[in-house]
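> Sequence and predicted structure below; questions after.
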Amino acid sequence: MEVRRILALVAFLAGVVASIGACTPAGAPPVTAASAAATGRGTIVLPREIEKLVGPADQHAALQAYVDRVGQRVVAAAGVGGFRFVVLDSPVANAHAVQSYIFVTRGLLALLENEAELAAAIGHELGHLVRRHAAQRARVRQTVLDAAVEAAATSGSVTVGRAVAQDGLLALRRYSREQEFEADRLALGYIVKAGYRGDAMASLIDRLRRQSALEAQIMGEAPDIGDRPSAASTHPVPVERTSAIAALPLANAPGESNEKGYFAAIDGMSVDDPPSEGFIRGRSFLHPTLRLSFTAPPGFRLFNDSDGVVAVNRDRSLMLFSCLPTPVSGPLDDWMRNKLKPTPTDIQTLEINGSEAAMGARPRGSDTGLGQARYVAIRDGNRVCNFALVSEGADQDRQIEAMIRAARTFRTLTPAEAAALQPYRLRIVSPAGSTPAQLAARMPYPDLRMERLLVLNAAQMPADLGSRSEIKIVQP
């Protein structure tokens, strides 16, 4: 199933339940340095407008300090200053540059093998900031839009305007790709001058490529989907980037990697979603803070995000789960009848594991290509949680019924169950005395355990694991 298709359907679901908030406690106050220290949540506080863009910072002080030291070493080599380096509390492998901030996620740290690769990731984002790539793209984008409007007005044809816009946006994508190459070139120079080995730039890209292939495999897509060139892409494919880097004089410059220091810094780090967003355990979603859970139907995969939880099936069936940010007064069937647009049909009241609930159907024909859609709202104490269910495959009737049964698995966790939920953590262990199969069996995932272990350790084959003194593994 194409990721673009998933995103489109998720966007549709988000639209039909726009009033539904993320699965975080309603009314939670912002974290300040004083409140963070008092609650034990740490003291890393981002400006509110930036946190809205990138998410919250991780509150592991030693890890933050380590990443900041590496970042400061890179900016010193680049001859610039005034930048802050922050680890984001996210298991998704990514890096961002916003204003004077450079962010790396916990997910990216888990994927990398050494400090030199971390420096390369930081250097790439620094290159974007130094060259003001985001501002340049914004100016070019505005120029494209202005040209399209002028073409439409001059010609009197919306079609002409659209054609101008399409040509301009393709040029903008090519421009963005050139910026990625430039950021790679700048990063290579930064890290070598900082004393790191030059091949860390290419190995960083390979780590990201293999992770992308694994994610495609998890989704049931072709593993090479990220290696296919596309004129519509804003990023060059990995093979293009590594080829461009290999041609640079510093590509294999000697320097340090500091794998030992890097492993020490990430040992014990969470590789899970923050507890405030809940955990995925196989086909089940469990939220220790809100004390709720549900289980998706067989064949579905769960994906957690601050905006909600998505369950995806390869036949294009989806479930979106989230909770309202404010209480709902009155019966839930009245709320569904008065608040959801278009107004659902066949609204009925029911009880789910002792809780008040309501269910309705989205009118057929209200959206092009829509097959079946259902809404299920459940009152859980003072809050209301919602399922939006969509199926448009050939087996849509059966899948809708399966998703309704899944919504009926919603229940409240006991205090003991909630307290027992802990994030998965990355551990640095010796592979001695264990076979690769035994090591993979320790990974707490329902499938692709060996594949996940190999990608986590940048290993090509299982035998590579036994030749190392230390490897990374994920443990409950």
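Right, received. Where do you want to start? Residues are numbered from 1 along each chain as shown.

> Flag the shaky bits of this structure, pLDDT-wise.
1-42, 133-175, 222-235, 364-370 (pLDDT under 70).

> Quick check: which element contains the residue nearest the centre of it?
Closest to where the C-alpha atoms of the chain average out (C-alpha atoms, centre = their mean) is Val92, at 4.3 Å. Using DSSP states H and E, Val92 sits within no helix or strand.

> can you give me the helices for the stretch 151-300 of the chain?
Using DSSP state H, counting those that start in this stretch, the helices of the stretch 151-300 of the chain run over 158-193, 200-218, 238-246, 259-266.

> Glu51 is nearest to which of those helices?
helix 259-266 (23.1 Å; C-beta to C-beta). (C-beta placed from N, C-alpha, C; glycine too.)

> that older thread, reformat the helices of the stretch 151-300 of the chain as CSV; add mean neighbour count.
Compiled in CSV, the helices of the stretch 151-300 of the chain are given as follows (neighbours: other C-beta atoms under 10 Å):
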stretch, mean neighbour count
helix 158-193, 18
helix 200-218, 21
helix 238-246, 17
helix 259-266, 17
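
> could you dump these to TSV with distance to Ser467?
TSV is the format used below for the helices of the stretch 151-300 of the chain (distance: least, C-beta to C-beta, whole Å):
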stretch	distance to Ser467
helix 158-193	26
helix 200-218	17
helix 238-246	24
helix 259-266	14
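
> for those, which one sits closest to Leu318?
helix 200-218 (15.9 Å).

> I would like the residues contacting that closest one, please.
93, 111-114, 116-117, 119-121, 123-124, 184, 187-188, 191, 222-227, 238, 241-242, 245-246, 251, 255, 257, 301, 447-448, 451-452, 455, 458 (C-beta atoms under 8 Å, 6 or more residues apart in numbering).

> number of nearby residues for the closest residue to Ile102 other than its chain neighbours?
Distances taken as C-beta to C-beta, 6 or more residues apart in numbering put Glu125 closest to Ile102, at 4.7 Å, once the chain neighbours are dropped. Residues lying near Glu125 (other C-beta atoms under 10 Å) number 23.

> For Glu125, list the residues it contacts.
So Glu125 contacts 95-97, 102-103, 183 (C-beta under 8 Å, 6+ apart).

> mind redoing it with 7 Å?
Contacts for Glu125 (C-beta atoms under 7 Å, 6 or more residues apart in numbering) come out as 95-97, 102.

> Could you give the backbone dihedrals for it?
Dihedral pair for Glu125: phi -70, psi -40, per degrees, to the nearest 10.

> ok, now how distant is it from Val455?
Glu125 sits at a distance of 22 Å from Val455 (criterion: C-beta to C-beta, to the nearest Å).

> And Val376, by the same measure?
36 Å.

> which of these two has more neighbours?
Taking neighbours as other C-beta under 10 Å, Val376 and Val455 compare with Val376 leading, 25 against 19.

> mind checking the SS state of that one?
Here Val376 is recorded as strand under DSSP: H, G, I helix; E, B strand; the rest coil.

> If you count contacts, what does the helix or strand that contains Asp334 end up packed against?
Following DSSP H and E, one finds Asp334 within helix 332-339. Contact here means 3 or more C-beta pairs under 7 Å, 6 or more residues apart in numbering; DSSP states H and E; on that basis helix 332-339 packs against strand 345-352, strand 355-361, strand 372-380.

> need these in a markdown table with distance to Val45, can you?
Listed next are the helices and strands packed on helix 332-339 as a markdown table, based on distance: least, C-beta to C-beta, whole Å:
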| stretch | distance to Val45 |
| --- | --- |
| strand 345-352 | 39 |
| strand 355-361 | 36 |
| strand 372-380 | 30 |
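
> So which of the ones you listed is the most surrounded?
Of these, the one with the most neighbours on average (mean count of other C-beta atoms under 10 Å) is strand 372-380, at a mean of 22.

> Just checking, which helix or strand succeeds that one along the chain?
Downstream of strand 372-380, the next assigned helix or strand under DSSP H and E is strand 383-391.

> which residues touch that following strand?
Residues contacting strand 383-391 (C-beta under 7 Å, 6+ apart): 9, 13, 16-17, 20, 26, 292, 317-324, 327-328, 332, 371-378, 399-400, 403-404, 407.

> try stretch 65-84
Contacts for stretch 65-84 (C-beta under 7 Å, 6+ apart): 85, 87, 100-102, 104, 115, 118-119, 122-123, 126, 130, 190-191, 193-194, 265.

> now do stretch 408-427
110, 266-272, 275, 279, 286, 288, 291-295, 352-353, 378, 380, 444, 472-476.

> ends of it, how far apart?
One end of stretch 408-427 to the other measures 36 Å (C-alpha to C-alpha, to the nearest Å).

> Number the chain from 46, please
Yes, from this point I'll number from 46; that puts the last item at stretch 453-472.

> Dump the C-alpha coordinates for stretch 380-396 into CSV.
Provided in CSV are the C-alpha atoms of stretch 380-396 (Å, rounded to 0.1, in the frame of the first residue of the first chain):
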residue,chain,number,x,y,z
TRP,A,380,-23.4,14.9,20.0
MET,A,381,-22.8,12.7,17.0
ARG,A,382,-26.0,14.0,15.4
ASN,A,383,-25.3,17.7,16.1
LYS,A,384,-21.5,17.9,15.7
LEU,A,385,-20.4,15.6,12.9
LYS,A,386,-20.9,16.8,9.3
PRO,A,387,-22.3,15.4,7.2
THR,A,388,-24.6,14.1,9.8
PRO,A,389,-24.2,10.3,10.2
THR,A,390,-27.0,8.0,9.4
ASP,A,391,-28.2,5.0,11.3
ILE,A,392,-27.1,6.5,14.6
GLN,A,393,-27.6,4.1,17.5
THR,A,394,-26.6,3.9,21.1
LEU,A,395,-24.8,1.0,22.6
GLU,A,396,-22.6,0.0,25.5
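
> Thr388 belongs to a helix?
No: under three-state DSSP, Thr388 sits outside any helix and is assigned coil.

> Pull up the gap between the residue nearest to it when sequence neighbours are not counted and Asp318, please.
Ranked by C-beta to C-beta, 6+ apart and with sequence neighbours excluded, the top spatial neighbour of Thr388 is Arg382, at 6.1 Å. Distance, Arg382 to Asp318, using C-beta to C-beta: 34 Å.

> Those two: who's more crowded?
Asp318 (24 against 14).

> how much space between the more buried one and Tyr490?
Distance, Asp318 to Tyr490, by C-beta to C-beta: 14 Å.

> residue ranges of the helices in the stretch 46-195 of the chain, please?
Here the stretch 46-195 of the chain has its helices, by DSSP H, counting those that start in this stretch, at 48-61, 78-84, 93-99, 106-123, 151-156, 160-175, 178-200.

> ok, back up a step: what's the closest of the contacts of Glu170 to Ser221?
Ala142 (13.8 Å).

> Quick check, that closest one in contact with Leu174.
Yes: counting by C-beta atoms under 7 Å, Ala142 does reach Leu174; the two are 4.9 Å apart.

> can you count the residues close to Asp379?
Residues near Asp379, counting by other C-beta under 10 Å, number 14.

> Ok, Ser351 next?
Neighbours of Ser351 under the rule other C-beta under 10 Å: 16.

> again with Pro408
14.

> ok so, going back, can I get the buried part of the contacts of stretch 453-472 as one PyMOL selection?
Of the contacts of stretch 453-472, the buried ones go into a single PyMOL selection, burial set by 16 or more other C-beta atoms under 10 Å:
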select buried, resi 155+311+314+315+316+317+324+331+333+336+337+338+339+340+397+423+425+517+518+519
